[in-house]
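# got a predicted structure here, sequence first:
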Amino acid sequence: MEIALRQPGREGPAPGAAPLAVALDDVSISFAVKGRPVFKAVAPTSLHVGDGEFVAIVGPTGCGKSTLLNATAGLLKPAGGRVAIFGEPLAGLNAKAGYLFQQDALMPWKTALDNVAIALEIGGARRADTLAQGRDWLARVGLARFTDRYPHELSGGQRKRVALAQVLVRDPKILLMDEPFGPLDAQTRQIMGTLLLRLWAQDRKAVMFVTHDLEEAIALSDRVVIMSAGPEARIIGNFPIDLARPRDTADIRLDPRFHQLHREIWNQLKAEVAKTYGEEMA
Ligand SMILES: Nc1ncnc2c1ncn2[C@@H]1O[C@H](COP(=O)(O)OP(=O)(O)OP(=O)(O)O)[C@@H](O)[C@H]1O
């Protein structure tokens, strides 16, 4: 009898199906730090993300989640392995991806509208078109009345909405999100999560969403993957999330299946978290 060995994180379409949005195969990442031995942050590891799939990446602090995202964005060159984007080997920056960081990158001297429009102007689009699309996206993130505000005149949650519009206006096929809602209060995070899911449902992009918050990971994603404690971190857990959609990210937390999934995933994650804290306390 043949037993199919499933590798954590190596999900995705069957052979012959549409190419994966992101295929990281046996990717390893090292950092050369002057005067110190090379630091092997990520050991050979694999992660496949299907087109339109929402994958959350959780793991202890410092394990390499951002590093993996940076390799997918083309900001970091892996020491080994292969990165393919929609079936093509990645060379240089990933032009199919939009990146949303924990700290937004809004220009303080530009209005909300100009902050969104500039994302298109960089690509050479006409100003009238960029303004129209910028207005449309600000309306879609619930900021139709705030187009003329400057970043310092907006709340943290509103700035985050502008940053989201700034990324989505370019219509990336892949969204790389690195703790995007990290600095927000718990209630605003949930509101942002529900907004993100609503926008995602209208035009499913592949999403890689890094978070420390396991509840947020489960509430948002189709699949949660766990990274082990570093150094030489790798993906060690793969949990499909079979909660019905559409989801409200606050209400879904009351679902008994949510609690069951949380228990199962936390069981594996907590050992990795303990390793990291054990090391830091030693
Ligand atoms: N440019 C760099 N040079 C040297 N080491 C680095 C560099 N960037 C990251 N590292 C190291 O690589 C490891 C992984 O870092 P990374 O930021 O990817 O972790 P993370 O899981 O995203 O952390 P956190 O959850 O705290 O944001 C860490 O030990 C970090 O110190």
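Now that the structure is in, tell me what you want to look at.
# residue 219 is in what secondary structure piece?
Residue 219 is part of helix 214-220 when elements are defined by DSSP states H and E.
# mind giving me the packing neighbours of that helix?
Contact here means 3 or more Cβ pairs under 8 Å, 6 or more residues apart in numbering; DSSP states H and E; on that basis helix 214-220 packs against strand 54-58, helix 186-202, strand 223-227, helix 256-281. Every residue, glycine included, has its C-beta placed from N, CA and C.
# helix, strand, or coil at the residue most central in space within the chain?
In the chain, the residue lying closest to the centroid (Cα atoms, centre = their mean) is residue 209, at 2.3 Å. Three-state assignment for residue 209 (DSSP: H, G, I helix; E, B strand; the rest coil): strand.
# mind pulling up the pLDDT for it?
On pLDDT, residue 209 comes in at 97.
# near the ligand, which residues of the stretch 51-200 of the chain show up?
59, 61, 62, 63, 64, 65, 66, 67 (Cβ under 6 Å from any ligand atom).
# I'd like the residues you listed as a markdown table, with distance to residue 87, pLDDT and neighbour count appended.
Below are these laid out as a markdown table (distance: Cβ to Cβ, whole Å; pLDDT from 0 to 100; neighbours: other Cβ atoms under 10 Å):
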| residue | distance to residue 87 | pLDDT | neighbour count |
| --- | --- | --- | --- |
| 59 | 27 | 94 | 27 |
| 61 | 33 | 91 | 12 |
| 62 | 32 | 89 | 16 |
| 63 | 28 | 91 | 26 |
| 64 | 25 | 93 | 27 |
| 65 | 25 | 94 | 25 |
| 66 | 25 | 94 | 20 |
| 67 | 23 | 95 | 22 |
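# mind listing which of the residues you listed are in helices?
If you go by DSSP state H, these have 65, 66, 67 in helices.
# tell me which of the residues you listed is nearest to residue 265?
Nearest to residue 265 among those, counting by Cβ to Cβ, is residue 65 at 15.1 Å.
# for stretch 169-179, give me every contacting residue.
Contacts of stretch 169-179 from elsewhere in the structure, counted by Cβ atoms under 8 Å, 6 or more residues apart in numbering, are 21-22, 49, 51, 65-66, 69, 72-73, 85-86, 94, 96-102, 116-117, 119-120, 123, 133-134, 137, 167, 203, 205-212.
# in ChimeraX, how would I select just the buried ones from these?
To isolate the buried ones among those in ChimeraX, judged by 16 or more other Cβ atoms under 10 Å, type:
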select :21,22,49,51,65,66,69,72,73,85,86,94,96,97,98,99,100,101,116,117,119,120,133,134,137,167,205,206,207,208,209,210,211
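# for residue 25, what are its contacts?
Counting by Cβ under 8 Å, 6+ apart, residue 25 has contacts 46, 81, 82, 83, 84.
# reformat the residues you listed as CSV; add pLDDT, secondary structure and distance to residue 233.
Shown next, in CSV, are those (pLDDT from 0 to 100; DSSP: H, G, I helix; E, B strand; the rest coil; distance: Cβ to Cβ, whole Å):
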residue, pLDDT, secondary structure, distance to residue 233
46, 96, strand, 13
81, 95, strand, 14
82, 95, strand, 18
83, 96, strand, 17
84, 96, strand, 21
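# most neighbours among these, please name it.
residue 83 (22 neighbours; other Cβ atoms under 10 Å).
# pretty sure that one is touching residue 72, no?
Yes: contact criterion Cβ atoms under 8 Å: residue 83 and residue 72 qualify, at 6.6 Å.
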